[in-house]
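Q: only the shape, not the letters, is given here:
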């Protein structure tokens, strides 16, 4: 057992876990943050994507101990109170989900994509960059639309800040 | 995953001494291969020694005609590094088609070559460019380093610290990506050294892991152009065959990927 200390969605936490515990297990089973999903559990589907120090990583392919001292953001931590994150709002407005299972990972990856590319996003780039996230409803068309829509909104909201 | 004990090392020396204390230790770099393998219970190390926070294993240096990438540098940092893009843009390209964005934030060059997966990308770059692998004990040429499927010259407890690449005159890498795993169904790295030598290495093709392709090297030495490879015939003997492609298919891919890599190298 080890104590893992980290910041999760802005809150300092210290959790005693077995050394073999994955980051996603710490989030879901110990902190009850079940918005982060486990899909394939083989690093391919991206349902488990969270941000570690601002970067989108697969939380099923990290030991909790590797994230010790890091700042983790999950899907539960991106809205401001009742106000959805622009990426969440764009997914809702563009019907960017069907069953919704892949959505948390899609949104966390998509925010990272917009941060990296800023205003340079086009459809082809979004499709390439989303290669690590799989939607088994195959609803990619509206997901891509939502990411492009959100990229515009995030630029506007950044400019307003 | 079976029980294990996690240790975080803050220096290469500390990592080596932690490794020696465990009964069956494993080094953990980015974990993009080791953790999936542990989850499948194909590996069950008693102790996992995390190299991820060791500062001396981070970074890229360009000095004269040598590009050195420290072993713990993640793919994303290699792909976006100005010196890599300037000195050997083919390596930046290789990194950009490796895995997916989340994997590129965690996976490292040292982890890739230490594992020596027969379909990994970096072994082809090291072999084609005539790179040198630096460890905490010695320097090993790429030729001597890669010894077959998942097998390297590394001794138990030896830690890769960096890879040094001679900057080539020209280089290119192209691969046929497996659509789900992003591994190379077959990938070919072509390089022309500053002294005019031509070296070609293929990954994902041979049953014994990364390999040089002498027939293509000879054709490109005579004429550095994609069409020079038209008449080359690659034997399917000893090549990998699985549900994704027969040995004959991969033999053809070696040719086609080499042609595309030469075109990309210019």
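A: Perfect, thanks for sending it. Computed from a predicted model, the values in this text were never measured in an experiment. Residues are numbered from 1 along each chain as shown, chains lettered A, B, ... in the order given.
Q: list the buried ones in stretch B:216-225?
A: B:216, B:217, B:219, B:220, B:224 (16 or more other C-beta atoms under 10 Å in any protein chain shown). Where you see a C-beta, it was placed from the backbone N, CA and C, and this is true even at glycine.
Q: the residues you listed into TSV, with extra columns for secondary structure, distance to chain A and pLDDT?
A: Output for the buried residues of stretch B:216-225, formatted as TSV (DSSP: H, G, I helix; E, B strand; the rest coil; distance: C-beta to the nearest C-beta, whole Å; pLDDT from 0 to 100):
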residue	secondary structure	distance to chain A	pLDDT
B:216	helix	29	98
B:217	helix	32	98
B:219	helix	32	98
B:220	helix	30	98
B:224	coil	30	98
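Q: state the mean pLDDT of the helix or strand hosting residue A:92.
A: If you go by DSSP states H and E, residue A:92 is part of helix A:86-93. Across helix A:86-93, the average pLDDT comes to 98.
Q: and the helix or strand just after that helix, is it in reach of chain B?
A: Downstream of helix A:86-93, the first helix or strand assigned by DSSP H and E is helix A:103-117. Yes: Helix A:103-117 is in contact with chain B by C-beta under 8 Å from any C-beta of the partner chain, via A:109, A:112, A:113.
Q: I'd assumed residue A:127 was in contact with the last one.
A: What that stands for is residue A:113. No: Residue A:113 is beyond contact range of residue A:127, at 10.6 Å (criterion: C-beta atoms under 8 Å).
Q: those two: who's more crowded?
A: residue A:113 (21 against 14; other C-beta atoms under 10 Å in any protein chain shown).
Q: ok, longest helix in chain B?
A: helix B:247-265 (DSSP state H).
Q: how far does it sit from its chain's centre?
A: How far helix B:247-265 lies from its chain's middle: 18 Å, per C-alpha atoms, centre = their mean, to the nearest Å.
Q: likewise for stretch B:102-113?
A: In terms of C-alpha atoms, centre = their mean, the centre of stretch B:102-113 is found 10 Å from the chain centre.
Q: over to stretch A:117-132?
A: For stretch A:117-132, the separation from the chain centroid amounts to 16 Å (computed by C-alpha atoms, centre = their mean).
Q: wait, what's in contact with residue 96?
A: You didn't pick a chain, so chain A it is. Contacts for residue A:96 (C-beta atoms under 8 Å, 6 or more residues apart in numbering or on different chains) come out as A:90, A:103, A:106, A:139, A:142, A:143, A:145, A:146, A:147.
Q: not what I meant, chain B
A: Residues in contact with residue B:96, defined by C-beta under 8 Å, 6+ apart, are residue B:79.
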